[in-house]
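>>> Need coordinates for the following:
(chains A and B)
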Amino acid sequence: MIEIENTFAEAFPMKASRLIITALNINWAKKAAQSFCGFATSVIACGCEAGIESELSHKETPDGRPGVSILIFSMSSNELKKQILNRTGQCIMTSPTSAVFSGNISADKIPLGNSLRYFGDGYQISKFLDNKRFWRIPVMDGEFICEDFAYQMKGIGGGNFLVLGNNIESVLGAVERAVKKMNEVKNVILPFPGGIVRSGSKVGSKYKNLIASTNFEYCPSLRGVTTKSKLNKDTNCVLEIVIDGINREDIELAMKKGISEILNSKITKGVSKISAGNYGGKLGPYLFKLRDLI
Amino acid sequence: MKKIILKAKINFKSELNLKNLSKINFEEKIISKINMLYDNKEFKLQELFKIQVKKSDKNELIIFGTNRNCDYLGWKWKKGTLIIKSDVGSFLGVQMSNGKIIVEGSCEHHVGSGMTGGKIFLKSNADDFVGSPLPGSKIGMNGGLIVINGKAGNFLGLQMRRGVIFVAKDVGNNCCNNMIAGTVILKKSFGDQLGLGMKRGSISLFRKKIKCDNFLDSGESRSLFINLLNNYLYKVLSLKIFSHKDKFIRLIGDIKMDGMGEIFFKKD
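Numbers count the residues shown, from 1 in each chain, chains lettered A, B, ... in the order given. The predicted model follows:
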C-alpha cells in the first residue's frame, strides 16, 4: 500500500512561450528541439526551463512538415527573451532543414527572426503572410525560415511530487511509468533529464552565494546525521518529478495522471510513499494538495 | 449582426460613385442617410437601390444589379463581407484594410490599389493595374490577398509592397514591374516584361520554362517559403497549388536594378 502524504506541492508564476520547430522529418525536428532544450532543466543556473511538449504531424505545422512543440519558462521577461533568442540562433538555426514558428500569440513580443535576420547579412528576405512576418535567412542547406516574433504568456513553474521507496530500481521504474503517462498531457513539460530529478533542492544554503542547496530532509545518507530527516529507516531512495505548465488545470491533470499511474501499477513493490516539495506556502501562490488530486 | 441586401432599381448608364457605401456601419442605422453620386448628381441610397436588412450571424452587404459603371465599391473597406453578385467598375477595394470582398462578375481597373489588408475574391476577370498604386501615388498594394479566378490585364502588381495576388488564368504585359516586395502567383501565361525593375518580392509560376534576360538563374531551390505559401493558400482557398514534391528553379533579378526579386518556376 502506497501512502499519499497529507501535503502539497508549491508552484510559482513564470513567464512562458511556445515554439514550433519543424524539419524535413520528425527525427531532425526532435534533434533541433532537444538541442534547444539542452541545459534547460532549472532556472537556478540554466536561465530557463524548457522541454518538448508534443510531436506535431505535418497537418499541424505552418509549413506542412513534421515538427515538435516546445515550451520555455523563465523567471523574468528579459531572461526569457535572451534565452529564446540565443537558443534559437545556436540550436535551431544550426540544425539541418529546420524552421521555427511561434506556437502562441499575445501582446508581449519576443524578438525571434526580428533579430536573427541580421545573420543573413543583407541577403535575408521578409515575407508577410496571414498577418505574420517570416524571415528567410540564407543558410548552407537552403533557407532557414523563422517567424518575426515569439510571444510571451503566463506560466506556472514548480509543480512537483516525490516518490519514496526502498530501492532505486523500484522507485525509478515507478517514476519512469509516471513520466510516460504525464508526457501525454498538453501544455506541460517535465524539464529534468527524462522528466526526473534526483537532486531536489531547498532555497538557500549555509554558503553565502548559493541560492539553492540539497534538500537534506529527503537525502537517505543524512538520515541520522540531521534530526529533520523525513525518511524512515526503510526509505533509501527518493526521486522527484517537476512539472511546468501553462495553467493550473493541466499541471493538476499531469500530477494526477502520474500519481495514479504509480498507484494503479501492479509493480509497486519497493515504493512506499508519495510526497511533495513545498516551502510552507510562502514561495508561490499555487498549492497542489496531493490528496485532493486523487 | 446584419445582412444588408441592396438591389439596383435602375440600370446604371452613367458613372455611379459608390465610395460612400463603405460608410455603412453594421452596428448603426445610417443606411438610408448615405448619399451617392450618380451621373454627377447626388442621390440617397434608397433612391437607387431597394434596401433589405435582415438579422444574420455575420455582417454582410450583398449587392445585386451593379455593372461596369459602378466605381469605388469597397473603398477603404474595413469590416464585414461585401458580396457583389454582378460586374463592377474600377477601383474595387481600393485602400481596404480588413474584411472580405467577393465579386461574382468581372471588374475594371485598379482592383485593390493601395490596399493594406483584407481579401478580395473575383470569380471572373480584372482589367489593368490590379494591386497597383492609385493614380498619382507611388505605393502599390501594401497587404492582404487578391484572388482572381479569371484573367488579369496589364500592370498587375505594379510597385507592390506587400500581400499576395493569385491569378488563375492569363495575365497581360508588365506584370510585377517595379515590384518592391510581396508575392504574386501566376497559374497560366503572362505578357512581356515580367518583373521589369523588380527590387524584391516573389513571383511563382506554374510554367516550366521561361526566359528573362533581366534575371540570373540561381539553380534549383527548395525554399520552405513555397510550403508556407501553399499552406496559407490552402487555408484561404482550400486549394493546394503546389505539391510538396515539386522542385523549383529560382531566378534572381532585376539585375539591372541590383534587385533581389525572385521568380520561381517548376523544374522539369
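>>> C-alpha only now, for contacts and for neighbours.
OK.
>>> Where is the longest helix in chain B?
helix B:224-237 (DSSP state H).
>>> does the helix or strand that that one is followed by come close to chain A?
Next helix or strand after helix B:224-237 toward the C-terminus (DSSP states H and E): strand B:248-253. No: figure legend: strand B:248-253 not in contact with chain A (Cα under 8 Å from any Cα of the partner chain); closest approach 11.8 Å.
>>> now for strand B:248-253, which elements pack on it?
strand B:215-221, strand B:261-266 (3 or more Cα pairs under 8 Å, 6 or more residues apart in numbering or on different chains; DSSP states H and E).
>>> which bits of the stretch 151-268 of chain B sit near chain A?
So the stretch 151-268 of chain B meets chain A at B:162-164, B:182, B:221-225, B:227-229, B:231-232 (Cα under 8 Å from any Cα).
>>> Tell me how chain A divides into domains.
A:3-10+A:156-293, A:15-153 (automatic domain parsing).
>>> Can you tell me which of the ones you listed is most buried?
Among the domains of chain A, domain A:15-153 has the highest mean neighbour count (mean count of other Cα atoms under 10 Å in any protein chain shown), at a mean of 20.
>>> got the end-to-end distance for that one?
6 Å (Cα to Cα, to the nearest Å).
>>> what do you get for stretch B:250-267?
Per Cα to Cα, stretch B:250-267 runs 9 Å from first to last residue.
>>> Equivalent analysis for stretch A:159-179, please.
14 Å.
>>> who's in contact with it?
Here stretch A:159-179 makes contact (Cα atoms under 8 Å, 6 or more residues apart in numbering or on different chains) with A:9-11, A:190, A:194-196, A:234-244, A:251, A:255, A:257-259, A:261-262, A:267-277, A:288.
>>> thinking again about what came up before, and the helices and strands packed on strand B:248-253, which is most packed in?
strand B:261-266 (a mean of 24).
>>> neighbouring strands for that one, and are they parallel or not?
Next to strand B:261-266 in the sheet, as set by DSSP bridges, lie strand B:202-205 (parallel), strand B:248-253 (antiparallel).
>>> Around chain B, which positions in chain A sit nearby?
So chain A meets chain B at A:Pro62, A:Asp63, A:Gly64, A:Lys127, A:Phe128, A:Leu129, A:Asp130, A:Arg136, A:Gly142, A:Glu143, A:Ile145 (Cα under 8 Å from any Cα).
>>> from those residues, which single one is nearest A:Val43?
Comparing the residues of chain A next to chain B against A:Val43 with Cα to Cα picks out A:Ile145 as the nearest, at 28.7 Å.
>>> Report the secondary structure state of that closest one.
With DSSP: H, G, I helix; E, B strand; the rest coil as the basis, A:Ile145 sits in strand.
>>> Return the residues in contact with it.
Per Cα under 8 Å, 6+ apart, neighbours of A:Ile145: A:Ser98, A:Ala99, A:Val100, A:Phe134, A:Trp135, A:Arg136, A:Ile137, B:Leu224, B:Phe225.
>>> What are the boundaries of the helices in the chain?
In the absence of a named chain, chain A is used. Under DSSP H, chain A gives helices at A:26-36, A:77-87, A:113-116, A:168-182, A:248-264, A:290-293.
>>> actually it's chain B I care about, not the one you picked
Under DSSP H, chain B gives helices at B:45-48, B:224-237.
>>> Please report the distance of the residue of chain B found nearest chain A from A:Val100.
Chain A sits closest to B:Leu228 of chain B, with a gap of 4.6 Å, by Cα to the nearest Cα. Distance, B:Leu228 to A:Val100, using Cα to Cα: 12 Å.
>>> Leaving out sequence neighbours, find the closest residue to B:Pro115.
Just to correct that, residue B:115 is Met rather than Pro. Closest residue to B:Met115 apart from its sequence neighbours, by Cα to Cα, 6 or more residues apart in numbering or on different chains: B:Gln95 at 3.8 Å.
>>> For the lowest-mean-pLDDT helix or strand in chain A, give me every contacting residue.
When each helix and strand of chain A is scored by mean pLDDT, DSSP states H and E, strand A:201-203 comes last, with a mean of 88. Strand A:201-203 is contacted from outside by A:Ile211, A:Ala212, A:Ser213, A:Thr214, A:Asn215, using Cα under 8 Å, 6+ apart.
>>> just checking, the last one touches A:Ser199?
Yes: under the contact definition of Cα atoms under 8 Å, A:Asn215 touches A:Ser199, with a separation of 7.5 Å.
>>> Next step: the residues of chain A next to chain B restricted to strands.
A:Lys127, A:Phe128, A:Leu129, A:Arg136, A:Gly142, A:Glu143, A:Ile145 (DSSP state E).
>>> Any chance of CSV for the residues you listed, columns pLDDT?
Output for these, formatted as CSV (pLDDT from 0 to 100):
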residue, pLDDT
A:Lys127, 94
A:Phe128, 92
A:Leu129, 91
A:Arg136, 96
A:Gly142, 91
A:Glu143, 94
A:Ile145, 96
